[in-house]
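> Sequence first, then the predicted structure, then my questions.
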Amino acid sequence: LMDGAYFRSCAGMLKVAQMISLLVGFISVNNSQWTDYSAYTYFQIVTLCDLVMILFFYIIHIFRIYRKLTCVSWPLAEFLHYLIGTILLLIASIIAASKSYNWTGLVAGATFGFLATILCVLSIWSSYKVSCITQSTSK
């Protein structure tokens, strides 16, 4: 029923690290005194949406749902999610860092946002290798 090997795989551990860094970034910003409402609301929305989508793909892999729903190209869907999500997360982290004014919680939130961005870039690279390079060599 569950794929126990995915828990210990690089992709699985990378998703867990992304979710943890996004959650810590969200909590840091949420529990801080805000200097700019719109900037940090955007940061919170982006981190939560990204967290939910990563959790969604994590569950897809853990329960092997991708084997039952073959009408969706899961590697391509995951690649596109990471591509769009990483760009939005990078923008949100830059805005949050520029509006932090040395408040510790806001700086920590932006730092974890940048960490999550780096981890998402790693996922983009691994998703690209799986979806694009594998398909082009199989023709």
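Now that the structure is in, tell me what you want to look at.
> where along the protein do the strands fall?
Here the chain has no strands by DSSP state E.
> how about low-confidence regions in it?
Along the chain, the model assigns pLDDT under 70 to residues 129-139.
> could you pull out the helices for this protein?
4-8, 10-30, 37-62, 65-68, 74-98, 104-128, 134-137 (DSSP state H).
> got these as JSON lines, with mean neighbour count columns?
Glycine gets a C-beta too; all of them are placed from N, C-alpha and C. Below are the helices of the chain laid out as JSON lines (neighbours: other C-beta atoms under 10 Å):
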{"stretch": "helix 4-8", "mean neighbour count": "11"}
{"stretch": "helix 10-30", "mean neighbour count": "19"}
{"stretch": "helix 37-62", "mean neighbour count": "18"}
{"stretch": "helix 65-68", "mean neighbour count": "12"}
{"stretch": "helix 74-98", "mean neighbour count": "19"}
{"stretch": "helix 104-128", "mean neighbour count": "20"}
{"stretch": "helix 134-137", "mean neighbour count": "10"}
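> residues touching the closest residue to residue 85 other than its chain neighbours, list them.
By the measure of C-beta to C-beta, 6 or more residues apart in numbering, the closest residue to residue 85 outside its immediate chain neighbours is residue 50, 4.6 Å from it. Listed by C-beta atoms under 8 Å, 6 or more residues apart in numbering, the contact set of residue 50 reads 18, 22, 85, 88, 89, 116, 120.
> right, and the pair among these with maximum separation?
Using C-beta to C-beta, these reach their maximum pairwise distance at 18 and 88, which is 13.9 Å.
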